[in-house]
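*Asks:* Using only what follows, build the 3D model:
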Amino acid sequence: MTVLTMAGALNAALRDALTDDDKVVVFGEDVGTLGGVFRVTDGLTRDFGEDRCFDTPLAESGIVGFAVGMAMSGFKPVVEMQFDAFAYPAFEQIVSHVAKLRNRTRGSLSAPMVIRIPYAGGIGGVEHHCDSSEAYYAHTPGLKVISPSTVADAYSMLRDAIADPDPVIFLEPKRLYFSKDDIDPVRTEPIGTAVVRRPGTDVTLLAYGPSVSVAVQAAEFAAQDGRDVEVVDLRSINPFDEETVAQSVRKTGRCVVVQEAQGFAGVGAEIASRIQERCFHYLHAPVLRVSGLDIPYPAPKLEHFHLPSPDRVLDAIDRLQWNDTPVPAKAVSA
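*Replies:* I've put the predicted structure just below:
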C-alpha cells in the first residue's frame with residue numbers, strides 16, 4: 001500500500017494514462033513547468049515531454065476549442081481549467097461544441113476529452129476560485145459530470161474518464177486535494193455508479209464530492225443520538241445512479257441531499273424530484289436539502305456560514321418526521 005493524496009492519485013492517473021496511450025495529451029494554464037496550481041500535473045512535462053504535457057495561453061475558450069480540434073483528430077485531450085469560475089469563458093465551447101459533436105455528426109465524430117475543473121470551497125478562497133457550477137454542466141445533454149470524494153476514486157474515475165469515448169466534466173474538490181489514504185492505484189466502481197459509504201436504516205444522506213465527508217461526519221454524530229444514518233456517495237451526477245439511490249431511500253423512508261452549490265435549481269433539487277417520483281409511497285417525510293446559500297460566494301472569513309456543515313445536516317435530520325410527529329412548515333427546504 002502507498003500513502004497518496006488526492007492530488008497524488010490524480011497525478012498517478014494522468015501518468016498511467018500517458019504511459020498507456022500515446023494519444024493522451026495534457027494541457028492548460030501552468031500545467032507544464034509549474035505542475036499546476038495544485039501540483040496535480042507535477043513532473044509530467046519533465047517525464048513525457050512538452051508535446052504530451054504543455055502550457056497554454058490564459059484563454060479558456062481557446063484551450064477547450066483547441067481540445068475539440070484535437071479530439072476530432074484522434075487525440076484524447078485532458079485539459080485543466082485552473083479554477084471553477086475560470087471555466088466560464090469556455091462555457092460556450094463546452095455547451096455548443098463539446099457536448100453536441102457526436103449528435104451533430106450522427107456519430108461519425110466524438111469528443112473523447114476530459115475537462116478537469118478544481119471546484120467548490122473550503123480553502124479560504126475568494127469568488128472566482130470557489131464556485132460550484134455542476135448544475136450548469138449536468139443540465140447539458142452530451143456531457144458526463146462526475147466528482148470523486150476519495151483518493152481511490154480520484155485515480156479510478158479519472159482513468160475511466162480519459163478512456164470514455166465522450167466528453168467528461170471532471171470536478172475535483174479543492175479542499176480534498178491533500179487528503180490522504182493508504183491505497184494502491186486500483187479501479188473502483190465505474191462512472192454512473194453510486195456507492196454506500198456508510199450503511200444505515202433510519203435516514204439516507206445523499207452527497208457527492210466535497211459534501212460526502214460532511215455527510216459522513218453528520219452520520220457519526222447522529223449515531224450518538226441513536227439514529228442510524230446511511231450515506232450514499234453519488235460519485236456521478238450525470239449519469240445518475242437512480243437505482244442505488246431509490247433502494248436506499250425505500251429502505252430508510254427519509255432523505256436529505258447535501259450539496260455545496262446554491263440551493264435554488266441545483267442538483268439537489270433534481271435529485272429530490274426524482275426521489276419523490278420513484279419513492280413517494282415509501283417516504284415518511286419530505287426530502288430535504290442542505291446547500292450553500294443563494295448568494296455569490298462570500299469572502300473567506302464568511303464561507304463557514306455559507307457551506308453545509310455537519311450541524312446543518314443534523315438540523316435537517318431532526319426536522320424530518322419522527323415517531324409520527326408533524327413536520328414543521330419551515331422543514332420543506334433547508
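*Asks:* The strand or helix carrying residue 116 pairs with which strands, parallel or anti?
*Replies:* Assigning secondary structure by DSSP states H and E places residue 116 in strand 114-119. Next to strand 114-119 in the sheet, as set by DSSP bridges, lie strand 76-80 (parallel), strand 168-173 (parallel).
*Asks:* Figure out how far it is from the centre of its chain.
*Replies:* Centroid separation for strand 114-119 versus its chain: 9 Å, with C-alpha atoms, centre = their mean, to the nearest Å.
*Asks:* the strands in the chain, which residues?
*Replies:* 2-5, 24-28, 53-55, 76-80, 114-119, 144-146, 168-173, 180-183, 195-198, 203-207, 229-233, 236-238, 255-262, 288-292 (DSSP state E).
*Asks:* residues in contact with the most centrally placed residue in the chain?
*Replies:* Centroid-nearest residue in the chain, with C-alpha atoms, centre = their mean: residue 147, separated by 2.4 Å. Residues near residue 147 by C-beta atoms under 8 Å, 6 or more residues apart in numbering: 119, 134, 170-173, 208-209, 235, 237. (Each C-beta comes from the backbone N, C-alpha and C, glycine too.)
*Asks:* 6 Å - rerun?
*Replies:* 171, 208-209 (C-beta atoms under 6 Å, 6 or more residues apart in numbering).
*Asks:* Same check on residue 180?
*Replies:* Taking C-beta under 6 Å, 6+ apart as the test, what residue 180 contacts is 3, 5.
*Asks:* Can you tell me the closest non-neighbouring residue to residue 141?
*Replies:* Spatial nearest neighbour of residue 141, chain neighbours left out: residue 99 (6.6 Å); criterion: C-beta to C-beta, 6 or more residues apart in numbering.
*Asks:* actually residue 1, not the one I typed
*Replies:* residue 182 (4.3 Å).
*Asks:* Dig out what the one you found forms beta bridges with.
*Replies:* residue 3.
*Asks:* Quick one: neighbours of it, just the number.
*Replies:* When counting by other C-beta atoms under 10 Å, one arrives at 10 neighbours for residue 182.
*Asks:* need the helices for the stretch 201-334 of the chain, in chain order.
*Replies:* Secondary structure of the stretch 201-334 of the chain by DSSP state H, counting those that start in this stretch: the helices cover 211-223, 242-252, 267-279, 303-306, 310-318.
*Asks:* Point out the most buried one among these.
*Replies:* Stretch with highest mean neighbour count among these: helix 211-223 (a mean of 22; mean count of other C-beta atoms under 10 Å).
*Asks:* Packing partners of it?
*Replies:* strand 229-233, strand 255-262, helix 310-318 (3 or more C-beta pairs under 6 Å, 6 or more residues apart in numbering; DSSP states H and E).
*Asks:* now do 7 Å
*Replies:* strand 195-198, strand 203-207, strand 229-233, strand 255-262, helix 310-318 (3 or more C-beta pairs under 7 Å, 6 or more residues apart in numbering; DSSP states H and E).
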